[in-house]
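Asks: predicted model and sequence follow; I will ask about them next.
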Amino acid sequence: MSGDPAHPAASDTPAPAGSGAASPARPSDAERVRSILAAAHSMTVIADGVRTEVCHLDGADVLGRLHLHPAAPAAGNPLDGRSPLHDGRPAIRLEFTDIASTPVRDRVRARVTILGHLLTPYADGSDGSDTSTCVEFGRAVLETDEGRSYIGLQELDEACPDPLAAYESGMLTHLLDEHNELVTLLLRLVQPQPANKVLRALPLAMDRYGITLRLEERVGHRDVRLSFPSPLDDVEQSGVQIQALLAAARRLSHRNSLPA
């Protein structure tokens, strides 16, 4: 739990990224999936072989109208790859793409796929109704640059969306468009300092644990995480935590400007 946002602990100075400290804290795969679903504005639905592009989610958590149910124990041979319980039940596949709101290279940050079988007819809400869809959950798949992971229903149920999920896009674009000099300042927290081959640095992501910057080079790029002094519990705490990072960067700037 983070402390009082108005009085951050003096010892909670952010460690420079890459300084040899413990690996920066980051959301679990299940939390990442929940956050992507909560912030999604569109998705692709493939139900009973019919592909539909849904573009009116408006950032409303998909799980608010898509109810996931555990799969019933399969009868017969569990290794034959086919449960009689699915006979006659259309398969459903939900696809989500997490795209960076800033103009970084390779803007796709992650892809999420949810697989299952329909228990009730699919309702996309296009008629303005609040009808929900019940799905027998198969599995959720998260794909990132780091690889592919599989998330079970219990993990999803126990995870919560990041408190910044619904605000992240606006916060990142505001930082870049209105306070770009602060992005340059945050580079002071990256250790070792980026070489001259870095062409530009852009904010890529922000969650309750910190900010991720993308350092773009002439060929390729690398991402660095700058951890907040303590994880956020609420979006209202983000201002103080960001200011803590900036204060730490300014201290490094001042220290490096002193004569040897």
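Replies: Alright, I've got the coordinates. Numbering: from 1, shown residues only.
Asks: please report how far Ala195 lies from Leu187.
Replies: Taking C-beta to C-beta, to the nearest Å as the criterion, Ala195 is separated from Leu187 by 12 Å. C-beta: built from backbone N, CA, C; applies to glycine.
Asks: those two: which has the busier surroundings?
Replies: When neighbours are counted by other C-beta atoms under 10 Å, Ala195 and Leu187 differ, and Leu187 comes out ahead with 18 against 8.
Asks: doesn't the more buried one fall inside a helix?
Replies: Yes - according to DSSP: H, G, I helix; E, B strand; the rest coil, Leu187 belongs to a helix.
Asks: now for it: which residues touch it?
Replies: Applying C-beta atoms under 8 Å, 6 or more residues apart in numbering, we find Leu187 in contact with 193-194, 201, 213, 249.
Asks: same deal with Pro70?
Replies: Shown here is Pro70, whose contacts under the criterion C-beta under 8 Å, 6+ apart are 136-137, 153.
Asks: SS state for Glu53?
Replies: Going by three-state DSSP: Glu53 is strand.
Asks: and it, how far is that from Ile46?
Replies: Where Ile46 is concerned, Glu53 sits at a distance of 10 Å (C-beta to C-beta).
Asks: ok, the two, which is more surrounded?
Replies: Here Glu53 and Ile46 are compared on neighbour count by other C-beta under 10 Å; more neighbours surround Ile46, at 16 against 10.
Asks: hmm, that one is touching Thr113, no?
Replies: No - contact status for Ile46 versus Thr113: not in contact, 9.9 Å apart, counting by C-beta atoms under 8 Å.
Asks: mutual contacts of the two, please.
Replies: Counting by C-beta under 8 Å, 6+ apart, the residues touching both Ile46 and Thr113 are 93, 95.
Asks: give the buried residues for stretch 139-153.
Replies: Buried residues in stretch 139-153, counted by 16 or more other C-beta atoms under 10 Å: 140-142, 151, 153.
Asks: what about dumping the CA coordinates of it to PDB?
Replies: Coordinates of the C-alpha atoms in stretch 139-153 are reproduced here as PDB (Å, rounded to 0.1, in the frame of the first residue of the first chain):
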ATOM      1  CA  ARG A 139      -8.300 -19.500 -21.700                       C
ATOM      2  CA  ALA A 140      -6.900 -16.000 -22.100                       C
ATOM      3  CA  VAL A 141      -3.700 -15.400 -24.000                       C
ATOM      4  CA  LEU A 142      -1.400 -12.300 -23.500                       C
ATOM      5  CA  GLU A 143       1.200 -11.600 -26.200                       C
ATOM      6  CA  THR A 144       3.900  -9.000 -25.800                       C
ATOM      7  CA  ASP A 145       7.500  -8.400 -27.000                       C
ATOM      8  CA  GLU A 146       8.500 -10.600 -24.100                       C
ATOM      9  CA  GLY A 147       6.600 -13.600 -25.200                       C
ATOM     10  CA  ARG A 148       3.200 -15.300 -24.800                       C
ATOM     11  CA  SER A 149       1.500 -16.200 -21.500                       C
ATOM     12  CA  TYR A 150      -1.700 -18.000 -20.600                       C
ATOM     13  CA  ILE A 151      -4.000 -16.800 -17.900                       C
ATOM     14  CA  GLY A 152      -6.700 -18.800 -16.200                       C
ATOM     15  CA  LEU A 153     -10.100 -17.700 -15.000                       C
END
